[in-house]
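**Q** Compute the structure for the input listed below.
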Amino acid sequence: MNLKMPPEWAEHQRMFMEWPVPDDVWLANIGLAREAFAAVARAIARFEPVTMIVNPGEEAEAGALCGSSVDILTIPHDDCWVRDNGCTVVVREEGASLQGIHWRFNAWGGKYPNQSLDAQVASFMCSNLGIPEYIASIVLEGGSIHTNGRDTLLTTAECLLNINRNPKWSREKLSSYLCTMLGVSRVVYLPFGLAGDETDGHVDNIACFLDEDTVLLPYTDDPADRNYERIQAARQTVRDAGFTIRDIVQPPLTLEDGQPLTLSYVNFVFVNRGIIMPGFGGDLSAYDAQAKAQLSSYFPDREVVQVMTRDIIRGGGNIHCITQQVPALPISSAKGSCIK
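**A** Numbering: from 1, shown residues only. Okay, here's the model as predicted:
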């Protein structure tokens, strides 16, 4: 098929987001969630165009909170995690044109009943962008994959090989299909994502590429941390795959109403000449500052902007989960700019 998924640090023409929908996830926190989504949208809009997908009738509220720098697009949807229910935009190399991959969406292994509208979001995105749509054969969420843009796709076995996604597909068959669809030659499976991640361990909470040869991973020195062994297993897998590791601090276990929050500073998004990363505030402010300093040291040529997202993480995701980039053409040969 001669398709290629560009790395996320390559130039973007636009970023898509989705407006939060009142449901049993947000409950009384829907207002706070929408304010936090709008804050992320405004931060991204400083660097590149942003399109906010909203449900019919909510255009005015979204426009008022996001401001005039964010475009509003009306598309019916059930939820707000566009990384997962939206299309993955890839490049058709022979013509340097774009194509949208419409992965099959089953609400993270059938965890939520309302998914019929979300399953169509990718089609609407392709139509809005004026690009061909390819309906994939597998269930997959965009937050479960990350590419270095050269030869490797990074994912987790906990999610991608889960029987609630593609039970009839073997690891070998699935890997071959992904290599064909995304233009890589190998798929590296981390054993697990972070503990408590209701996506069944999406990779975008535990690891991401910083450039073609470097993977960012969280660290903790506390063996009692529920993520300690998971992170150690990820680090060993990344080393065995031949990549350099860069560290970012892992926040300690944090409870809200007795329930643990799945916190991660890895869940950031590259934007043109910048990075938009999460912060959690309160008693985690020192961790926020440390994580921002670490990312800034790896990318001195990018402006690192931290947005407080505790009101987003209540819904189960973070900045990378609520965004989906559209590559700019032509795709540069940029190899990233992470300091070695």
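**Q** For the one helix or strand Leu98 maps to, which strands pair with it and how are they oriented?
**A** Counting by DSSP states H and E, the element that carries Leu98 is strand 97-104. Sheet pairing for strand 97-104, assigned by DSSP bridges, gives strand 88-92 (antiparallel), strand 133-139 (parallel).
**Q** Which residues does that strand contact?
**A** Residues from elsewhere that reach strand 97-104 (CB atoms under 8 Å, 6 or more residues apart in numbering): 3, 87-92, 119, 122-123, 125-126, 129, 131-142, 181, 326-327, 329. (Glycine included, C-beta is placed from N, CA and C.)
**Q** Go again with 6 Å.
**A** With contacts defined as CB atoms under 6 Å, 6 or more residues apart in numbering, strand 97-104 is touched by 87-90, 92, 122, 126, 131-136, 139-140.
**Q** That one: what's the following helix or strand?
**A** Later in the chain than strand 97-104, the nearest helix or strand by DSSP H and E is helix 107-110.
**Q** average pLDDT for that following helix?
**A** Mean pLDDT, computed over helix 107-110, is 96.
**Q** List the buried residues of the strand holding Leu98.
**A** If you call a residue buried by 16 or more other CB atoms under 10 Å, then strand 97-104 has these buried ones: 98-103.
**Q** which pair in those spans the largest distance?
**A** Greatest spatial distance among the buried residues of strand 97-104 (CB to CB): Leu98 and Trp103, at 16.1 Å.
**Q** Next, format the buried residues of strand 97-104 as TSV and append distance to Gly336 and pLDDT.
**A** TSV is the format used below for the buried residues of strand 97-104 (distance: CB to CB, whole Å; pLDDT from 0 to 100):
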residue	distance to Gly336	pLDDT
Leu98	21	97
Gln99	23	97
Gly100	24	98
Ile101	23	98
His102	28	98
Trp103	25	98
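**Q** Could you dump these into a markdown table and include distance to Asn272?
**A** Output for these, formatted as a markdown table (distance: CB to CB, whole Å):
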| residue | distance to Asn272 |
| --- | --- |
| Leu98 | 17 |
| Gln99 | 21 |
| Gly100 | 20 |
| Ile101 | 22 |
| His102 | 25 |
| Trp103 | 25 |
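**Q** what ranges do the helices span in the stretch 201-340 of the chain?
**A** For the stretch 201-340 of the chain, the helices defined by DSSP state H, counting those that start in this stretch occupy 228-240, 285-298, 310-313.
**Q** which helices and strands sit right next to the longest one?
**A** In this structure, helix 285-298 packs against strand 244-249, strand 303-308, with contacts taken as 3 or more CB pairs under 6 Å, 6 or more residues apart in numbering; DSSP states H and E.
**Q** Let's see that with 8 Å instead.
**A** Packing partners of helix 285-298 (3 or more CB pairs under 8 Å, 6 or more residues apart in numbering; DSSP states H and E): strand 244-249, strand 274-279, strand 303-308.
**Q** separation between Ile319 and Ile312?
**A** 7 Å (CB to CB, to the nearest Å).
**Q** anything in contact with each of those two?
**A** Common neighbours of Ile319 and Ile312 (CB under 8 Å, 6+ apart) are 40, 278.
**Q** Low-confidence stretches in the stretch 151-300 of the chain?
**A** The stretch 151-300 of the chain contains no residues with pLDDT under 70.
**Q** er, the stretch 1-150 of the chain I mean
**A** Scanning the stretch 1-150 of the chain with the threshold set as pLDDT under 70 gives 95.
**Q** Do you have the strands of it handy? List them.
**A** Using DSSP state E, counting those that start in this stretch, the strands found in the stretch 1-150 of the chain span residues 3-4, 12-18, 50-54, 70-74, 88-92, 97-104, 133-139, 146-147.
**Q** and the first one, which strands flank it?
**A** Here the strand partners of strand 3-4, with direction, are listed using DSSP bridges: strand 88-92 (antiparallel).
**Q** who are the neighbours in contact with the spatially closest residue to Asn164 that is not a sequence neighbour?
**A** Leaving aside its sequence neighbours, Asn164 sits nearest to Gly109 (CB to CB, 6 or more residues apart in numbering; 3.1 Å). Shown in contact with Gly109 (CB under 8 Å, 6+ apart): 162, 164-165, 200.
**Q** which two from the residues you listed end up farthest apart in space?
**A** Farthest apart among the contacts of Gly109 by CB to CB are Arg165 and Asp200. That separation is 8.1 Å.
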